[in-house]
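**Q** Test case, fold it:
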Amino acid sequence: MKDEGDAMATKRQLEPFLNLARKLGALEAKIVSTKKVFTADWVRLKCRYGCPVYGYCLTCPPYSPEPAETRRVLDSYRYAILLRTDRTKPLRKIGRDLERRIFLAGYYKAFAYLCGPCRLCRECPAVDLAHVGAPPKECLHAERARPAMEAAGIDVFATARAAGMPIEVVTNTSCKQNYYALVLVD
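**A** Numbering: from 1, shown residues only. Sure, this is the predicted structure:
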């Protein structure tokens, strides 16, 4: 899909990936400027003080990229594709598959931020739970494991709202949930 000699993608060149994302199972996919992907230090506090699996996998804090690093990464891209589904498990696969297809189309910088903790292993062998915070070992599935948006300090609520996509605070278990992933492409 990428023309030879193109230094960076244009929005028009990325549009076919929106249809692909929907074919893969996304309910919605939008091209967004990475300037409209918001990061904040407080986001990882929600992981640290609220997520029961904090520190249990390599793709989550304290091992995932910090917000300042994520911002630097975002600033090295112009566009991303924001994906929405109503379930996390298929979204992780959709994000990984879309990243791979974009890469194979010639966009070598393609990289996905997924949603929720990694579930590729029953227990993450890269993390020594007896010493949470210690340097991790190598990931057994580095080719498929990706940090969650929130684990890397991305404010999913602000990002989704800026893109005009639905997202609300879930107030009980019967509320409909929306889950998001982001695939960077340049």
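
**Q** All the helices of the protein, in order from the start?
**A** Per DSSP state H, the chain carries helices over the ranges 11-24, 42-48, 67-75, 88-104, 156-162.

**Q** and for the longest one, what are the contacting residues?
**A** Think helix 88-104. The contact list for helix 88-104 (Cβ atoms under 8 Å, 6 or more residues apart in numbering) reads 17, 20-21, 24-26, 81, 83, 85, 110-116, 118-119, 144, 146, 179-183, 185. Every C-beta, even on glycine, is put in place using the N, C-alpha and C of the backbone.

**Q** relative to helix 11-24, how tilted is it?
**A** Interaxial angle, helix 88-104 versus helix 11-24 (axes from the mean of the first three to the mean of the last three Cα atoms, to 10 degrees): 140 degrees.

**Q** and residue 87, how many neighbours does it have?
**A** Counted with other Cβ atoms under 10 Å, the neighbours of residue 87 add up to 13.

**Q** Same check on residue 62?
**A** Residue 62: 16 surrounding residues under other Cβ under 10 Å.

**Q** isn't it right next to residue 51, touching?
**A** No. Using Cβ atoms under 8 Å, residue 62 makes no contact with residue 51, being 11.9 Å away.

**Q** Among the contacts of helix 88-104, name the buried ones.
**A** Neighbour-count burial (16 or more other Cβ atoms under 10 Å) applied to the contacts of helix 88-104 gives 17, 20-21, 24, 26, 81, 83, 85, 110-116, 118, 144, 146, 179-183, 185.

**Q** Out of these, list just those in strands.
**A** The members of those that map onto strands under DSSP state E are 81, 83, 85, 111, 112, 113, 179, 180, 181, 182, 183, 185.

**Q** In a markdown table, list those residues along with pLDDT and distance to residue 162.
**A** Formatted as a markdown table, these follow (pLDDT from 0 to 100; distance: Cβ to Cβ, whole Å):
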| residue | pLDDT | distance to residue 162 |
| --- | --- | --- |
| 81 | 98 | 14 |
| 83 | 98 | 15 |
| 85 | 94 | 19 |
| 111 | 98 | 20 |
| 112 | 98 | 19 |
| 113 | 97 | 16 |
| 179 | 93 | 17 |
| 180 | 96 | 12 |
| 181 | 97 | 16 |
| 182 | 98 | 12 |
| 183 | 98 | 17 |
| 185 | 96 | 18 |
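
**Q** Between which two of those is the distance greatest?
**A** 179 and 185 (20.0 Å; Cβ to Cβ).

**Q** Alright, I will stop here.
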